[in-house]
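# return a 3D structure for these sequence lines:
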Amino acid sequence: METYLEKKARIRNTLLISFISGVLMGLFFLYFMNILLAAFLALSFGLFLGLMAYFFQTNKYLENQSTPENIHSSSILYSGGANHFLHKEGVGGRLFLLKDQLLFKSHKLNFQNHELRIPLDSILEVGLFNVVGFVPNGLIIRLRNGKSENFVVNNRAEWKNRIEEKLNPETRLFTSQDFA
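Numbering: from 1, shown residues only. As a prediction, the model looks like this:
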């Protein structure tokens, strides 16, 4: 079931994609045509891309494709839509935090379909980064072998906290939910 934070992030992403693509295309169209036609085309293009983004974020078919087999739902501690950077492609799918590993499974609309399993004991550090320099949705997993895995996720701070909680359960801070 989708949480409030996931719904909020989905709506924010849809609006952000619509706005940025509309502005960029508006500037492009303005160079070639009059302002009214450019504004109309920019608005249309922005809405179209926003609807496409919404479709990809809410499509149950894609979600089912990226659900791992042989994993019981009770062992999933946290999950959400994600992109995994693999050879310069942002591969779409879902990221799962399990009791003993981090699991990414791509959906079938990618060129590089794959499944990535990262045992929690191989994680050295969890960090955050801005995608393309300014979009605050990057999550970087630094491994003990010197490699790093980069993901684009919604609610990256929540992902970071939950992973770190599993890495260092003895240093976890108590929350009000612990006493409920």
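# please count neighbours and contacts with C-alpha atoms only from this point.
Noted.
# give me the low-pLDDT residue ranges for the protein?
The model of the chain has pLDDT under 70 over residues 1-3, 56-67, 169-180.
# tell me which residue of it is furthest from the middle?
The centre of the chain is farthest from one residue, N34, which by Cα atoms, centre = their mean lies 37.7 Å away.
# let me see the domain layout of this structure.
Following automatic domain parsing, one finds the domains of the chain at 4-58, 62-171.
# pick out the residue closest to the middle of the chain.
Closest-to-mean residue, the chain, Cα atoms, centre = their mean: V153 / 2.4 Å.
# grab the longest helix from this protein for me.
Longest helix in the chain by number of residues (criterion: DSSP state H): helix 4-32.
# following that helix, which helix or strand shows up next?
helix 35-58 (DSSP states H and E).
# list of residues touching that following helix?
Contact partners of helix 35-58, identified using Cα atoms under 8 Å, 6 or more residues apart in numbering, comprise 10-11, 13-15, 17-27, 29-30, 62, 81.
# same check on stretch 112-127?
Residues outside stretch 112-127 that contact it (Cα under 8 Å, 6+ apart) are 86, 91, 100-107, 139-145, 160, 163-164, 166-167.
# same check on stretch 4-24?
With Cα under 8 Å, 6+ apart, stretch 4-24 has contacts from 42-51, 53-54, 57, 80, 154-155.
# list the contacts for R162?
Y78.
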